[in-house]
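> Provide a 3D model corresponding to the input given below.
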Amino acid sequence: EIWFVTDRENEFQRLATMNLETKKITYHTSSIPWDVDDYTLSEDKTKLAFITNEGGLNKMYIMDGATKKYNEVNVPIGLISGISFTKNGKSLFFTQSTADSSSDVYQLNLNDTKIIRWTESELGEMQKEDMSKPKFIEWKSFDKMTISGFYYPAAAKFTGKRPVLISIHGGPEGQSTASFLGSNNYYTNEMGIAIIYPNVRGSSGFGKTYIAKDNGFLREDSVKDIGALLDWIALQPDLDKDRIMIMGGSYGGYMTLATAFHYADRIKCSVDIVGISNFNTFLKNTEEYRRDLRRVEYGDERIPEMATFLEKISPLNNTEKIKKPMFIIQGTNDPRVPVTEATQMRDKLKAQGNIVWYLEAKDEGHGFRKKPNVDFQRLAVIKFMETYLIN
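Numbers count the residues shown, from 1 in each chain. The predicted structure is shown next:
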């Protein structure tokens, strides 16, 4: 018998077994409408633990190896990884990060389900009571599709409607999860800014249909999901619809640029990090090993109709609609989204008289990795937000 995870004949990844004699496949988690991300067997094969990704939250289940029946384990809300049974099968170790802790090691006693924490990771000078806790939110998009994300409120010490940072993940097959904010707690606790991490259509973790909903000619439907989120923000009594900043990296950078021209009158500023400004020039200049893979997602620019469409929706060709300040951040040596995607956007916006901040690191690639550069980028973004979002 082989255990494995597959999305065969299903929207989501299920835990399955194959009988090596009959080759029959049996699915065991069909009643859970979410992906199984990870699993592990006890040494004696009598128990199995598996982790699901349920809308960006991880849940843990223990399954009986013989009956294949399983029950959810009551663990704190967070992200789980590294699950492993002890040799005697009486305990399970796992790593978890929560809203107020980075990754730490925990032990689950399987007899009484008691959880023991083994490590206490360094948090610098951050205090647990100051860290924002994510709230799962949902809203309806233009076509009634339900879109979800995570909302991290500003600290309670700030009164009145709070400015909002919408942070869009890359990918586009990525996913925003209920993760530890880390240094981004500065925005919520020190600046009084609420943060929303949306999972627009095309994000992973929501099934095969959802992940394909932004492919090719459907590209701008994901941008409309952000427009619907702007509608949702306007209805929230604690959020300020007139002080919204969009920020994203890589594909999230494209989403930032697209939002900046589609919803120019509804945002206050934006930060584009290694973003795609024109899909045709991107596909031409990205490294050759990535080109065919990206064509599956974005469309094949060698087809005239697709090239015309990509030209039409590219932010570079819609700069006249961008009215608000923009900060463009780029690594000179980026093999994925070439530096030309940033410079052509910068130059055209400047020529039109737009307010543009530009930061380029000559010793970086696809996103900043070196600590001095990461620190400089963070402080520069904070200054940009102080200048154009808060005031």
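> excluding residues flanking it in the chain, which one is nearest V356?
Among residues not flanking V356 along the chain, L349 sits closest, at 4.8 Å (CB to CB, 6 or more residues apart in numbering). In this view, the C-beta of every residue, glycine as well, is placed from N, C-alpha and C.
> SS state for that neighbour?
Classification of L349 using DSSP: H, G, I helix; E, B strand; the rest coil returns helix.
> how close does it sit to F327?
Distance of L349 to F327, computed by CB to CB, to the nearest Å: 11 Å.
> cool, and L79?
29 Å.
> same question for T340.
Remark: distance between T340 and F327 (CB to CB) = 18 Å.
> neighbour-wise, which of those two wins?
More crowded of T340 and F327, by other CB atoms under 10 Å: F327, with 25 against 16.
> quick check: buried residues in stretch 211-230?
Across stretch 211-230, burial judged by 16 or more other CB atoms under 10 Å covers 211, 213-216, 219, 221-226, 228-230.
> restricted to helices, list those residues.
Secondary structure from DSSP state H places 211, 219, 221-226, 228-230 of those in helices.
> by pLDDT, give me the weakest of those.
Within these, pLDDT reaches its minimum at R219, with 86.
> nearest residue to T209 other than its sequence neighbours?
Sequence neighbours aside, E11 is the residue nearest to T209 in space, at 6.3 Å (criterion: CB to CB, 6+ apart).
> circling back to that earlier point, now tabulate the ones in helices among the buried residues of stretch 211-230 in JSON lines and tack on distance to E297.
Below are those laid out as JSON lines (distance: CB to CB, whole Å):
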{"residue": "I211", "distance to E297": "10"}
{"residue": "R219", "distance to E297": "9"}
{"residue": "D221", "distance to E297": "14"}
{"residue": "S222", "distance to E297": "11"}
{"residue": "V223", "distance to E297": "15"}
{"residue": "K224", "distance to E297": "18"}
{"residue": "D225", "distance to E297": "16"}
{"residue": "I226", "distance to E297": "18"}
{"residue": "A228", "distance to E297": "22"}
{"residue": "L229", "distance to E297": "22"}
{"residue": "L230", "distance to E297": "25"}
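> ok, the residue nearest to V356 to A258 distance?
14 Å.
> quick revisit: in this structure the residue nearest to V356 contacts W357, no?
No - using CB atoms under 8 Å as the test, L349 is too far from W357 to be in contact (10.5 Å).
> of those two, which one has the most company?
Neighbour tally, L349 and W357, criterion other CB under 10 Å: the higher count belongs to L349, 23 against 18.
> tell me the bridge partners for the closest residue to L108 other than its chain neighbours.
Leaving aside its sequence neighbours, L108 sits nearest to L92 (CB to CB, 6+ apart; 4.4 Å). Beta-bridge partners for L92, by DSSP bridges, are F85, L108.
> and what of W139?
Beta-bridge partners for W139, by DSSP bridges, are I147.
> can I assume it is in contact with G227?
No - W139 is beyond contact range of G227, at 10.5 Å (criterion: CB under 8 Å).
> re earlier: what do L349 and F327 both touch?
Between them, L349 and F327 share these contacting residues under CB atoms under 8 Å, 6 or more residues apart in numbering: V356.
> tell me the two of the buried residues of stretch 211-230 that are most distant?
G216 and L230 (24.8 Å; CB to CB).
> which residues of the chain score low on pLDDT?
By pLDDT under 70, the weakly predicted segments of the chain are 296.
> show me where it has its helices.
With helices called from DSSP H, the chain shows them at 185-189, 208-211, 219-234, 251-262, 279-285, 288-298, 304-313, 339-351, 371-385.
> just put these in JSON lines and tack on distance to E120.
Below are the helices of the chain laid out as JSON lines (distance: least, CB to CB, whole Å):
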{"stretch": "helix 185-189", "distance to E120": "18"}
{"stretch": "helix 208-211", "distance to E120": "37"}
{"stretch": "helix 219-234", "distance to E120": "36"}
{"stretch": "helix 251-262", "distance to E120": "32"}
{"stretch": "helix 279-285", "distance to E120": "44"}
{"stretch": "helix 288-298", "distance to E120": "40"}
{"stretch": "helix 304-313", "distance to E120": "48"}
{"stretch": "helix 339-351", "distance to E120": "41"}
{"stretch": "helix 371-385", "distance to E120": "23"}
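> which one of those helices lies closest to I62?
Among the helices of the chain, the nearest to I62 by CB to CB is helix 208-211 (27.3 Å).
> could the C-alpha coordinates of the closest one be exported in PDB?
C-alpha atoms of helix 208-211 as PDB (Å, rounded to 0.1, in the frame of the first residue of the first chain):
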ATOM      1  CA  LYS A 208      -8.300  23.800  -9.400                       C
ATOM      2  CA  THR A 209     -11.100  25.900 -10.800                       C
ATOM      3  CA  TYR A 210     -10.300  28.900  -8.700                       C
ATOM      4  CA  ILE A 211      -6.600  28.900  -9.600                       C
END
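> mind giving me the packing neighbours of that helix?
Of the remaining helices and strands, none touches helix 208-211 by 3 or more CB pairs under 8 Å, 6 or more residues apart in numbering; DSSP states H and E.
> list the buried residues in that helix.
The neighbour-count check on helix 208-211 (16+ other CB under 10 Å) flags 210-211 as buried.
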